[in-house]
Structures are given as structure tokens and as C-alpha cells.
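In: Generate coordinates for the sequence data below:
(2 chains)
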2 protein chains.
Amino acid sequence: MLMEPMRFHLIKPLLRHMPILQWGRRYNRDALEGDLLAAVIVTIMLIPQSLAYALLAGLPAEMGLYASILPLVAYTIFGTSRALAVGPVAVVSLMTAAAVGNLALQGTAEYIAAAIALAFLSGVILLVMGIFRLGFLANFLSHPVIAGFITASGIIIATSQMKHILGIDASGHNLAELIGSLVSQIGQTNLWTLIIGASATAFLFWVRTGLKPMLQSAGLSPRLAGNLAKAGPVGAVVITTVLSWALGLHERGVAIVGDVPQGLPPLTLPRFDMDVWSSLFGSALLISIIGFVESVSVAQTLAAKKRQRITPDQELIGLGASNIAASISGGYPVTGGFARSVVNFDAGAKTPAAGAFTAIGIAIAALLLTPLLYFLPKATLAATIIVAVLSLVDFSILRTTWGYSKTDFAAVTATILLTLGFGVEIGVSAGVILSIFLFLYRTSRPHIAEVGLVPGTEHFRNINRHKVETRPDILTIRVDENLYFANARYLEDYIYDRVVGDDDLKHVVLMCSAVNTIDSSALESLEAIDHRLRDMGLMLHLSEIKGPVMDRLSRTHFLHDLSGKVFLSQYEAVKCLTS
Amino acid sequence: MLMEPMRFHLIKPLLRHMPILQWGRRYNRDALEGDLLAAVIVTIMLIPQSLAYALLAGLPAEMGLYASILPLVAYTIFGTSRALAVGPVAVVSLMTAAAVGNLALQGTAEYIAAAIALAFLSGVILLVMGIFRLGFLANFLSHPVIAGFITASGIIIATSQMKHILGIDASGHNLAELIGSLVSQIGQTNLWTLIIGASATAFLFWVRTGLKPMLQSAGLSPRLAGNLAKAGPVGAVVITTVLSWALGLHERGVAIVGDVPQGLPPLTLPRFDMDVWSSLFGSALLISIIGFVESVSVAQTLAAKKRQRITPDQELIGLGASNIAASISGGYPVTGGFARSVVNFDAGAKTPAAGAFTAIGIAIAALLLTPLLYFLPKATLAATIIVAVLSLVDFSILRTTWGYSKTDFAAVTATILLTLGFGVEIGVSAGVILSIFLFLYRTSRPHIAEVGLVPGTEHFRNINRHKVETRPDILTIRVDENLYFANARYLEDYIYDRVVGDDDLKHVVLMCSAVNTIDSSALESLEAIDHRLRDMGLMLHLSEIKGPVMDRLSRTHFLHDLSGKVFLSQYEAVKCLTS
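Out: Numbers count the residues shown, from 1 in each chain, chains lettered A, B, ... in the order given. Next up is the predicted model:
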């Protein structure tokens, strides 16, 4: 009897975090049809991608499939987006390779175990962020930093796959090492691999741009043509696998996928190893935040198209559950993918159930199709990756930030260069720190204008921009920024600089129309300014203080001790001080 | 011939950084008299303090004297404050002990060498900050963090000196360890030491509060009485030294200063050791910034009293030169001290030359008086420190921040607790990181108000605070914060949350009267909001955009692509949208 309310206490918050209980109740035949069709198309798209991204992460191909089964089911239960398709994605796969590569050698059991542990840690971090509503942490990744990071990652990924296209061994932790390694090995190029790789790449580029128009002009409906074009990568996989088998290409030096275990993913718990976990923690945090940011922006864009909405904090829980599901089923870190979510949406997915149906599709593939992948050339998977990631590379962010904001330009340039030069983790961390620093630096030197009265009006404007009236005994300063610790001293310096030596001056008026907050440091600075001006025989006045700021100031002694007065408007201040 | 212009190129910027060339030219008899009197009083005050702070830093007493000679001369040449008295101070001595204590044991040659290296590093950091005008970095130390840090440091310092008052061995890196160590050793208390220590402490407290009024009521002028009271610590030193010698207290277990080398400081270069330097770098940076912040605020307060001004970037160079001077003359990190600068100012110091005269005074003491210090009880120096630092302990910052700003209260509380619990370096670093984080957190959730028209006016106010008119088809939102990466997503979420499900809505107007900047991330968010609102069949409008923000926006496609319009005033917006 005693147990009942307690159990309910535990279950109720859990239920609140399961959106499936809401949309599941209203599930109907219409939704089922949409979800099933979307699931078929996404499954066809996801099979080659899953294999390819596992390769990119340095993991066995089947781990890509495993990461596309249980995580999708978990997201169906806990996620809020109706179109988001979860699974392995390019940037997170690259980050996984970078993180795990610090701990173990590719191809070893330790490497695989570390990737699984990384998914678990990342899942726990996302869950904790979701439960404690820490989603705002993702806000510190500014758009330019993300854009720069993804562009640079795309370049690194495409370059890293060139070795599979050429059939050579090459490696490196940054772009220079990768290119150097490729160039030094280029003499070892395997001609057969190059033929397969280059034609697969060309074919996939053509599928992207030329296939759909061709099918349409052959009389197919745009929708059917579009869906068929999505099968392009599978087409490349089938054709090159058949060729590879028929021509015995692996005997001519073409690397093939080889044995892929047939069956469903093994259910295991990640091995707890404090050393491994603590050294993976930072990487897991970065992967979690970047995965979340990418995923949530895709989900929001798609939701808005149907006037639906997603809950970012619940998305954290959905992605957290997905990653934990990935780790207990032999997968590696996953998140919502951009391209496949758009495909899912366009194909008519109505609810997260589409993800569960996709999971069934991938599970069937893992059960039945894996033996057929034996002869699949790795060059084909590399071609899939290259074509997919080159669409991520977009330098236009450099042009737009250059025109709009030089500090944002600096942040994006640094992120791109550091990512290319020192790898993904240093690149994105430096980008985040730099954008915070630049923001603080910018607000630490606020725009301060000396203002005067526009003749015939009650308005005050910058004396350097407008023809205005000033008086030698009154100095009016307008600060266009919140006053807080980072700029409090700057304001002090500005006022002393301006005041010292100006012997006609009697009054200094600080016009606060653009000040939304004054923190304790700034309050102390205002007190210091007041004391020092008083020592110089001057009075400090304030004008146009906002309501909430005034509420706070009223709770202190400052207004009481102030040498001058507080005026509702600047016009009133000047009128009163000159009368 | 060729050399001449080149040499001039090198010399000119150097000369620009030597303020002595300006004030030196106008030096006259009046200034000389003021400076000399101030120098005598500061010298008398500085001798016991120098010895005591060296003890606090765990260094031989003479290093305190050495740190009060050449550094003062360097500041005279390069500093801009006319009253700042440079030398060893309590907080920096504590930080030196913490930094050097990580590397070597007190009493070893390595410990001394590390303290000298720390002064050199700190000097170089300050110089570089001055030359590259990086003084704004100090702004990231908020007032509450500094106040909390200094209060906690005062408590740690006073507690650490109790062992000298009791005559026992005790040590610890944080308050709990210190107290635990004191308590466990208290049985070993040396009675003679305790008598000397306790009476010196009581005497010095009385000197602070009771001596000046007594001298005044005995007929002395307030100024003379004040100056005589400054000699209190020297009186304590003389009396206890004589007692210690006469009663042979060192044979009764009272710790005495012992041999202090007689003569001027040795001139040497700090030994370069990459390992030592790199492990001291973080500490040197903290010491530099905290020393600079303390020093510059004292200097500014005193300069304002005479309508003079100091140049913060030049102060960095002055303090940098002082620390390098300290390191090449066997001293340790120095900065401008609060108490002695006020004394210097009150005693009539007119120019930085007062510092040079003080240096001569201390040099004479080092040459002639050091043998007399042999019998000086360490308990007396400890009493000097305790009385000096207890004036730093001030918990009122907790009360004022609690009333004014809870985030500032959180920052100050964390700084105090972490400094007491984990030591000075962790305490102040955590305080800085926390205040930046709290600032970003606060601006990441800006105040957003839905506004409506105040009837009969053209003003718009918060619908929750005022009786205003709204229309079901128009939603007007006012954001009271700059729009930047940390709050861009928050605004997106806010708008979707508000809009989804409100089917009457046709227009969303964003009122930007409090927005001083819109960065690239926020611009992208506005574009996303516009796209998504359009997908929902809504239009986004902007109103009351500030001039500089509008200038920037005009350089982008945003205004051109916007679904709605830009209105000069919110009133105009509503009038136009309803007509």
C-alpha cells in the first residue's frame, strides 16, 4: 500500500517526458500511411549512409547499421519532432574518430569500446541537460562558429575520404597532415579503386543534380522522380558491388567491406572504466552540444512549416535516450541528420513513428542483406560521404559576416582555420571561447556619445552627428550599452578623461535610455564617479532611467547619496540645471 | 649617420612611456618639500610592513626590504599616479606563497628563486599588457568578485599568522586545513610568544583607534597626531625587540627574525627555467591582474581628489617595470598598496619622486638598521599583518549584493567560499568564470514584454503591467536586451511558443527600442523567425530600430527579404497594420 504513491511519484515525471503518450493516442490510418512511405524512403537512403559514416568514424560497417535501429526507437518514444530522422551523421562521426583516436588505435577492440562509451557518456550528458533544462548552454555556440566549424569539418571529411578513392593509406589529425600524407602516397594509387571511386562520385553528383529532371522529363511525377533520385546511393552500392564481385576486384587490390556480421545488434552495457570515461568527457560534451544544436535547428525548421513546435529541453531527452540506446546496442554517437530529416518530411512522415518503422527497415537489412555487402568497395562508401559532405562546405558565411560584423568574421575565420589546422575539438572550443570573448570585449567598450539638444525640439542627439545646442557648464553623456563589470571601468575612464581640464564644467548628466541593467560593479563605478566628480567640484545627474533599473537603484543608498538629481527626461534635466 | 634616425625611432616610443619627463621638468622646491615629508612617513610605515609581508610570503625578511627599494624607483620613472606607494602588499604576498608553495618548500633556495621568477614573469605580463593596451582584461574581475576575494584572503592571512602569535607550527592550503592544524597544535603554545603577540596586536589595534584622539587631546595638531600614529607599528617593533633582547626571549622559545643580511639588495637576473616559468605563468597572470586592479583603483581615487588623472595602460607599464625591478634586486611581486598610498597622499606627496625618496629611506634602513632587527620577535610582525588585513575583511558586500542583484550575490558568495575552501587561485579564477557565465546566462534570457497601446497616447507598455489596448491579429513584442548568439535562440523559442495555436494572429511586430546590437547569429535567428512565421502564414515587422543597428541591417538582404515592413515607431506600425 505504501509503495503505490511512491511509485506514482517516480512514474509521473517519467511519463511527462514521453511525448509518445500524447501523439500516440491520436494515431490513425492517415498518419500510418504517411509514416510507412517515409520510412521506406529513409531506410533506402540510410543503409549506405550508415555504413559510410561508420567507416568515417573508423568503426566496422555494421556499427553504422546498429546506430540506426534502437536509437530511432528511443527517439520515437522521447522525441518531440515529427520529422527528425536520427542516426549516424558526418560531423559527429568525424568528432567520434577524433575523440576515440586519442585513446586507441583504429581496428582494436579498445577503439570500438571507447566509441560505445562515448555514445553512453554523450547520452547521459544530453539527458542531464534535458532534465535540468540546460539547453541554453547550446546558445553559446554562435551561428558563425557553427557554420565555420561545419564547413571546415566538411573539408576535413572529404579530404580524409580521398584515400579510399585512391586506394592508398593516408592519415592525419589535421588538414595539412592529411594532404601531406595523401601527396606522399599518391604514387601507390590503385587504378581499379580510382576508377570505381571516381565514377561513383561522378554518378552521385549527377544523381543529385541531373537525375530528377531527367526522370521528370521522362514523364514521372516530380514527387516520384524525387523519391527515386534518393535511391541513387543505393544504386551506386548495388552496381559497384556487382562489378566488384563479377570482376573479382578485391583480388586486384580494391578494398572491400568484407564480412559484416549478420543479425540484430548485440545488447550489452558499456564497460565502465574511469580513465577512459574521464578522458572522453570533454569530447562527449562537445559532441552532445554540437549534435543538439544541429538537430534542434533542423527540427525547428521542419516543425514551423506545419505550425507545429518542438520542445528543446525534451529534444535533449530524446537525443540522450537515442545515444544511450546506441551505446547499449553496439552503436556510436548519433543525432538528427539534416538531409535525411528533410527527406523524411518531404516523403510525408506525420509522427515520430516513421522513425520506428525506419528502424524496422534497417533491422531487416541487418538481418538479411549484410552478406550481400561483402564485395561492396569501400571507395563507393567514400564517394557517398564526399558527395554528402561537400554540400556542407559553404564559405558564404565569410562573405556575409565580413559585410555585417567584423567580430563575427574574426570568430568564423578563427574557427575554420583552427579546425583545419588543429582538428575539430580545438577548432570548435576555440570558436566558442573566442565568440564569448569578442562579445565581452565589444560590450566592454560601449558606444558612448556626448549629446546636445536639437534646436526647437526636446530631443537630444550625438554632437558629432547632428547640429545641436550644448552649454559649457553641462556635459551630457549617453551610454548605448548595459552597464556591467566589463565596461564599468571604461565609463569611469571616459568621464575622467573628458572632465579633467574642462574648468567651465559644473554638471555631468548620464543619459540612461539604452541601459537595460546596471550590475553591482557598475553601481560601484557610478558611486566612484560621483565621489570623484564631487572631489572636483562637479555634480553627477542621471536621466531617462528605465523602470526595472530604477526599481533596483531605489533599493540602494546610491540615489540618496548622489550629488545631483535623477531626471525623468534629458530635456527636463537641462531645463532644470540651466534655470 | 644612418644610425641616427633609427635610434630615434627606438627611443621615441620609449620616451613616450616615461611620464617622469613631463612632471620632472616642472619639479620645484614646493614639490620637493611635500615629497620629502611624505617619504619619511611612508618609510617609517613601510619598514615593519615590508618585513612582515615577506614573512607572510614565506620569504626571508630582507626580501621585503629589497622589494621596497628598486621597484619604487622604477615606478617613479614609469608610473603616472602622484600618490601611489608601491611595494609588497598582503594579498599579493599570500598569492606568492600559494603560487611558489606549489613548486618548492619554504626555506629552500628553490622557493626564493621561484618567488623572484614570479616577480619577473608578472612584470613582463604587466609590461606586455601595457604596451598592447590590454588593460581592459582587468575589467573581467567584477567588483563583487574582488571584494569577496579580498575579504576571504584577509581571513586566510589573519588565520595563517595565528601560528606566529601562538608560537606553534601550523600550515594548510585552505581555511579548514589551517584551523585544523592550529587546533591540533594549540597545546604546544609558547606562553612568552603569546604574551608578545597578543600585546602587540592589542597595542596596534589601540594605535589605530585610540592613539590619534589621545595625542590630539594632549594638544597636538590633528595632522601631527595622525602622522605620529602611523609610527605605531615601528613603536611595536622597537619595544618588542628591546624586550626580546633584554629578557633573552629567544632562549625561552620565542621565534625571532635572526640574521638579516646588512647591505643593499644584490643585483641578479632571474634564472631561466622553462618548467618553473611555465608552471608559474597562470599564477603570475592572476597576481598581475589582481595587483593592477587594486593599484589602479587606489590611484584613480587619489588622483580624482586633485582633479588629476592617471593612465591605466601606462600604470601597467609602471607596475610592470616595478616588478621587473623587484626581480632583478632580490625582491618578490609588488603592487600599489592601499593604506600606504593614502598615507603618502595625506602626508603631502606631490609627485612620484616621493617614491624614490622612500626608496632611499628603505635603502638606508637596509644598510644600517638590519643588525638591530636580530631580536625582533616574529610574533610582532604577525601582529602587524593581522591588524592590517583585518581592515580588508568586509562582509557588507554580501548584504549589498543580496539586496541589489542575486547573480552578483552568487558570484561573491562562490568566490568567498571557494577561496576559503580551495585557496586563492581557485577562488578568484572561479569567481571570474562564474561572473562571466552569470552575465551571459542573464543576457541569454532577456526580459521580453508583450506590449499594447496606452489609450489616448502614442506610447506602448507591457500588457501585464498596464491597462493597454491590443488587437487579436497583431502581436507586439519588445526585447529589452541586445540580440546576440546567447539569446537568439531564446527569442526564437519565445516567439514560436507564443504564436503556435493563436490562429487569429496575422502580424508579429518586434519593437527594437532597447536593442543596441544585433550580431550575425541574431540576424540568422531573425531570418529563421521570418521564414517560419511565413510558413505559418504570418508576417514579421520591425519597429523603432536604432540608427547604428539600422545601418548594419541595411547592408544585408534581411530587410529586403523580410515578409513585413520596418516602421520608425511602434505607433506607426499599429496604425498602418490596422488601416
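
In: Pull the contacting residues for A:L59.
Out: Applying Cβ atoms under 8 Å, 6 or more residues apart in numbering or on different chains to A:L59 gives the contacts A:96, A:111-112, A:115, A:332. Where C-beta positions appear, they are placed from N, C-alpha and C, glycine not excepted.

In: go with 10 Å
Out: A:53, A:66-67, A:88, A:93, A:96-97, A:100, A:106-107, A:111-112, A:115-116, A:330-332 (Cβ atoms under 10 Å, 6 or more residues apart in numbering or on different chains).

In: Let me know the helix or strand that it is in.
Out: Using DSSP states H and E, A:L59 falls within no helix or strand.

In: so how far is chain B from it?
Out: Note on A:L59: its distance to chain B, by Cβ to the nearest Cβ, to the nearest Å, is 32 Å.

In: Next, the buried residues of stretch A:488-502.
Out: Across stretch A:488-502, burial judged by 16 or more other Cβ atoms under 10 Å in any protein chain shown covers A:488-496, A:499.

In: ok, back up a step: select only the buried ones of the contacts of A:L59 in PyMOL?
Out: Per 16+ other Cβ under 10 Å, the buried members of the contacts of A:L59 correspond to this PyMOL selection:
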select buried, chain A and resi 53+66+67+88+93+96+97+100+111+112+115+116+330+331+332
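
In: Check the residue nearest to the spatial centre of chain A and give its pLDDT.
Out: Nearest to the geometric centre of chain A sits A:V293, at 3.4 Å (Cα atoms, centre = their mean). Reading off the confidence values, A:V293 has pLDDT 87.

In: next one: A:L103
Out: 89.

In: Hmm, it is touching A:Y111, no?
Out: Yes - here A:L103 reaches A:Y111: they are 7.7 Å apart, a contact under Cβ atoms under 10 Å.

In: Closest residue of the stretch 201-350 of chain A to chain B?
Out: Per Cβ to the nearest Cβ, A:A304 is where the stretch 201-350 of chain A lies closest to chain B, at 3.2 Å.

In: Roughly how far does that residue sit from B:L542?
Out: Distance of A:A304 to B:L542, computed by Cβ to Cβ, to the nearest Å: 19 Å.

In: what about the closest residue to A:L103 other than its chain neighbours, neighbour count?
Out: Distance criterion Cβ to Cβ, 6 or more residues apart in numbering or on different chains; nearest residue to A:L103, sequence neighbours excluded, is A:A114 at 5.0 Å. For A:A114, the neighbour count with other Cβ atoms under 10 Å in any protein chain shown is 27.

In: Kindly report the same for A:R555.
Out: Neighbourhood size, A:R555 [other Cβ under 10 Å]: 12.

In: who touches the closest residue to it other than its chain neighbours in this structure?
Out: Leaving out its chain neighbours, the residue that sits closest to A:R555 by Cβ to Cβ, 6+ apart is B:G403, at 5.4 Å. B:G403 is in contact with A:520, A:552, A:555-556, B:409, counting by Cβ under 10 Å, 6+ apart.

In: just A:M18 next, same as before
Out: Contact analysis of A:M18 by Cβ under 10 Å, 6+ apart lists A:24, A:77-79, A:314, A:317-318, A:321.

In: Just the element for A:G330, please.
Out: Short version, using DSSP H and E: A:G330 is in no helix or strand.

In: pLDDT score for it?
Out: If you check A:G330, the pLDDT there is 93.

In: can I assume it is in contact with A:T268?
Out: Yes - if you go by Cβ under 10 Å, A:G330 and A:T268 touch, sitting 6.8 Å apart.

In: Tell me where the model's unsure across the stretch 351-500 of chain A.
Out: Within the stretch 351-500 of chain A, not a single segment meets pLDDT under 70.

In: circling back: now, of the contacts of A:M18, which are buried?
Out: Here, 16+ other Cβ under 10 Å leaves A:77-79, A:314, A:317-318, A:321 buried among the contacts of A:M18.

In: In space, what's closest to whatever residue of the stretch 101-250 of chain A ends up closest to chain B - neighbours in sequence excluded?
Out: Chain B sits closest to A:S142 of the stretch 101-250 of chain A, with a gap of 3.4 Å, by Cβ to the nearest Cβ. In space, and not counting its chain neighbours, A:S142 is closest to B:F485: 3.4 Å by Cβ to Cβ, 6+ apart.

In: residues contacting the one you found?
Out: Residues in contact with B:F485 (Cβ under 10 Å, 6+ apart) are A:139-146, A:408, A:411, A:432, A:435-436, A:439, B:440, B:444, B:519-522, B:524-525.

In: for the host helix or strand of A:V293, which positions count as buried?
Out: Applying DSSP H and E as the criterion places A:V293 in helix A:274-305. Buried positions in helix A:274-305, judged by neighbour count with 16+ other Cβ under 10 Å: A:276-277, A:280, A:283-304.

In: Spell out the residue ranges of the helices in the stretch 351-500 of chain A.
Out: Under the criterion DSSP state H, counting those that start in this stretch, the stretch 351-500 of chain A contains helices at A:353-368, A:378-390, A:396-404, A:406-422, A:424-444, A:485-499.

In: which one of those helices has the most crowded surroundings?
Out: The highest mean neighbour count among the helices of the stretch 351-500 of chain A, using mean count of other Cβ atoms under 10 Å in any protein chain shown, belongs to helix A:378-390: a mean of 26.

In: and that helix, how far out from the chain's middle?
Out: How far helix A:378-390 lies from its chain's middle: 22 Å, per Cα atoms, centre = their mean, to the nearest Å.

In: Kindly spell out which helices and strands sit in contact with that helix.
Out: helix A:29-56, helix A:61-66, helix A:90-101, helix A:143-166, helix A:191-206, helix A:232-246 (3 or more Cβ pairs under 10 Å, 6 or more residues apart in numbering or on different chains; DSSP states H and E).

In: what's the angle from the third one to helix A:378-390?
Out: Using axes from the mean of the first three to the mean of the last three Cα atoms, to 10 degrees, one finds that helix A:90-101 and helix A:378-390 are set 120 degrees apart in direction.

In: and if you look at the last one?
Out: Helix A:232-246 runs at 160 degrees relative to helix A:378-390, counting by the same axes, to 10 degrees.

In: now helix A:232-246: how far from the chain's centre is it?
Out: Relative to the chain's own centre, helix A:232-246 is displaced by 34 Å; criterion: Cα atoms, centre = their mean.

In: elements contacting it?
Out: Packing contacts for helix A:232-246, counted by 3+ Cβ pairs under 10 Å, 6+ apart, involve helix A:29-56, helix A:191-206, helix A:378-390.

In: dump the residue contacts of A:T193.
Out: Per Cβ under 10 Å, 6+ apart, neighbours of A:T193: A:163-168, A:249, A:252-255, A:377-379, A:382.

In: mind checking the SS state of A:P261?
Out: Secondary structure state of A:P261, per DSSP: H, G, I helix; E, B strand; the rest coil, is coil.

In: What backbone torsions are found at it?
Out: Here the main-chain torsion angles of A:P261 (degrees, to the nearest 10) amount to phi -60, psi 140.

In: Isn't it up against A:Y374?
Out: No - counting by Cβ under 10 Å, A:P261 stays clear of A:Y374, with 11.5 Å between them.

In: Between those two, which contacts overlap?
Out: If you check A:P261 and A:Y374 against Cβ under 10 Å, 6+ apart, no residue is contacted by both.

In: Name all residues that make contact with the nearest residue to A:L141 once chain neighbours are set aside.
Out: Residue nearest to A:L141 in three dimensions, not counting chain neighbours: A:V293, with 5.4 Å by Cβ to Cβ, 6+ apart. Residues in contact with A:V293 (Cβ under 10 Å, 6+ apart) are A:135, A:137-141, A:143, A:145-146, A:335, B:489.
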